[in-house]
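**Q** the following block contains a protein sequence and its predicted model.
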Amino acid sequence: MRHAGQERPERSRPLDVIGLVTLLLTVGGAVLVYMGWAYLDGYLGSFQLKATDMGFGVDEYALRGLNIFSPVFLPFMVGGTAVLLAATTYRSSLTAALPRRVRAAGAALAARRSVQIAADPRSGGAVVTVCGTALAFAALAGRQVDTFLVLALSIAGPLLLTWPTRGLAAGRTAFAAAVVTSVLCLLWAASLHAYRKGEAVAEQFVAALPHHTSVAVYSGKTLALNAPGVTRVPLADRTYPFRYEGLRLLMTRGDRYYLIPVITVADWRKGNGRTFVVVEREDRRVELLPGTRTG
């Protein structure tokens, strides 16, 4: 029996499911693009470059973001979704298959007031939200706090707190605000992970520089390619009288070659590294060679 003044939850409609799927796809695409940008920003930032200055497209950002996910996670994601779907769809059948004593013990446990309070998403959401807020203020005060922990609590807390009232007209606004907060925190966590991943890959690249693609630059005039290990070799050639050796290929974008010298990770951290942007044209030729070779 419904008490006076109590709102009744609205029934789910097909459009609600379509809206949820659309929301998940939109958020997933945004996360991939944002992660791809953060990864490239962390990777290229190690070489004094900015991803936004390189002319990358949205599709390239999305592919970079997709490549961050390891294939190892795919079976767990598919398996977890299948188990959750099966448990939701066949909950009644699974419950009936349990022994009578187990069902009776479960019913007695669920009838306890303490268990009901603990199982209420609003109680858990309130605790999680308070903990996340406290840790955030501790981080602002200069304490050493794991950023991912704060973001995880900020994602789960508001959603749990507003989930039971999401079907009520009065609770829709609160739930929408919780979804927005969780999405922003998810984007923040994803970008932070991707940025750190990009920095780690950049360090691995520098550590193995001698084995990467070597580059020889032939030029009709002297170039300002001044860096440790880069040498200029005079040639008896009227078109290209100079050849520059000791560079490695970082990446290419159209007719632009991004080249770096062979120095250590420690030198890059000290700020001794630099990236040269060489554009191939009539009086300048770029030759790519196997690693550990110069010409």
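**A** That came through, no problem.

**Q** and the end-to-end length of stretch 206-213?
**A** The first residue of stretch 206-213 is 12 Å away from its last residue (Cα to Cα, to the nearest Å).

**Q** which parts of that stretch are buried?
**A** Using 16 or more other Cβ atoms under 10 Å as the test for burial, stretch 206-213 gives 206, 209, 212. In this view, the C-beta of every residue, glycine as well, is placed from N, C-alpha and C.

**Q** so for the lengthiest helix in the chain, what gets flagged as buried?
**A** Counting by DSSP state H, the longest helix found in the chain is helix 172-207. Of the residues in helix 172-207, 175, 178-179, 181-183, 185-195, 197-199, 202, 205-206 count as buried by neighbour count, 16+ other Cβ under 10 Å.

**Q** kindly report the same for stretch 48-59.
**A** Buried-residue list, stretch 48-59, by 16+ other Cβ under 10 Å: 49, 51, 56.

**Q** and the strands in the protein?
**A** In the chain, the strands defined using DSSP state E lie at 214-219, 231-234, 242-253, 256-261, 276-279, 284-289.

**Q** now those strands as CSV including mean neighbour count and mean pLDDT?
**A** Compiled in CSV, these are given as follows (neighbours: other Cβ atoms under 10 Å; pLDDT from 0 to 100):
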stretch, mean neighbour count, mean pLDDT
strand 214-219, 21, 91
strand 231-234, 12, 90
strand 242-253, 19, 91
strand 256-261, 21, 91
strand 276-279, 16, 90
strand 284-289, 15, 88
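
**Q** quick one: those strands as TSV, columns for distance to residue 141 too.
**A** Output for the strands of the chain, formatted as TSV (distance: least, Cβ to Cβ, whole Å):
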stretch	distance to residue 141
strand 214-219	49
strand 231-234	53
strand 242-253	40
strand 256-261	40
strand 276-279	43
strand 284-289	52
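
**Q** so where is the stretch 1-150 of the chain shaky, pLDDT-wise?
**A** 1-17, 19-21, 70-98, 102-120 (pLDDT under 70).

**Q** would you map the helices across the protein?
**A** Ranges of helices within the chain are 14-45, 58-68, 73-89, 91-96, 100-110, 113-119, 121-140, 147-162, 172-207, 265-269, based on DSSP H.

**Q** need the winner for burial among those helices.
**A** Across the helices of the chain, the average number of neighbours (mean count of other Cβ atoms under 10 Å) peaks for helix 147-162, which reaches a mean of 19.

**Q** identify the residues contacting that helix?
**A** Contact partners of helix 147-162, identified using Cβ atoms under 8 Å, 6 or more residues apart in numbering, comprise 121-122, 124-132, 135-136, 139, 171, 174-175, 177-179, 181-182, 185-186, 188-189, 192-193.

**Q** now the stretch 151-295 of the chain, which segments are flagged as low pLDDT?
**A** 291-295.

**Q** and the spatially closest residue to residue 130 that is not a sequence neighbour, how far from residue 194?
**A** Nearest-residue entry for residue 130: residue 157, 7.8 Å, with adjacent residues in sequence omitted and distances by Cβ to Cβ, 6 or more residues apart in numbering. Counting by Cβ to Cβ, to the nearest Å, the separation of residue 157 from residue 194 is 24 Å.

**Q** excluding its backbone neighbours, what's nearest residue 274?
**A** residue 227 (5.7 Å).

**Q** what's residue 256 in contact with, if anything?
**A** Contacts of residue 256 (Cβ under 8 Å, 6+ apart): 277, 278, 279.

**Q** want to try CSV for those, with distance to residue 260 as columns?
**A** As requested, the contacts of residue 256 are arranged in CSV below (distance: Cβ to Cβ, whole Å):
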residue, distance to residue 260
277, 11
278, 11
279, 16
